[in-house]
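got a sequence here, can you build the structure:
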Amino acid sequence: PFLAFAMLVSMVSLAGLPFTVGFIGKFLIFFAAIQCHHWLLVILGALSVACGFYYYLKVVRAMYWMKPMDDAAPIEASCLSRTVISILILAIFFLGIYPEPVLRLLK
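The predicted model follows:
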């Protein structure tokens, strides 16, 4: 369940849901494209985001709602792996809510 949750958070961030760092990244890209009046790029980007939602959430559906294979063995993660994954999950949400440290580094 822990690894599935970590994958869920990663997929949600890649899809660009608010309060994740993936949303901030997509927001900044779309903001720059709109400022430069690249409307075709904005439209193509929005269509790509919609397609991405479909494929990212398809993985989540497979993890949570599909029956596992009969011969599937549970995946064990070491304590170090769980710690690093937990830190990364927190970073995804922290930087999605408070992106200022990264934005300052980029300037």
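
give me the nearest residue to residue 22, chain neighbours excluded.
Among residues not flanking residue 22 along the chain, residue 13 sits closest, at 3.6 Å (CB to CB, 6 or more residues apart in numbering). (C-beta placed from N, C-alpha, C; glycine too.)

just confirm that neighbour contacts residue 24, I think it does.
No. Counting by CB atoms under 8 Å, residue 24 is not a contact partner of residue 13; they are 9.5 Å apart.

these two - which one has more neighbours?
Set side by side, residue 13 and residue 24 show unequal neighbour counts under other CB atoms under 10 Å, the larger going to residue 13 at 24 against 20.

residue contacts, that one?
Contacts were defined as CB atoms under 8 Å, 6 or more residues apart in numbering; by that measure residue 13 touches 20-23, 92, 96.

would you map the helices across the protein?
Taking DSSP state H as the test, the helices found in the chain are 2-15, 21-35, 39-65, 79-97, 100-106.

can you tell me which of these is most buried?
When neighbours are counted by mean count of other CB atoms under 10 Å, the highest per-stretch mean among those falls to helix 2-15, a mean of 18.

and it with helix 79-97, angle?
Compare the direction of helix 2-15 with that of helix 79-97 by axes from the mean of the first three to the mean of the last three CA atoms, to 10 degrees and you get 30 degrees.
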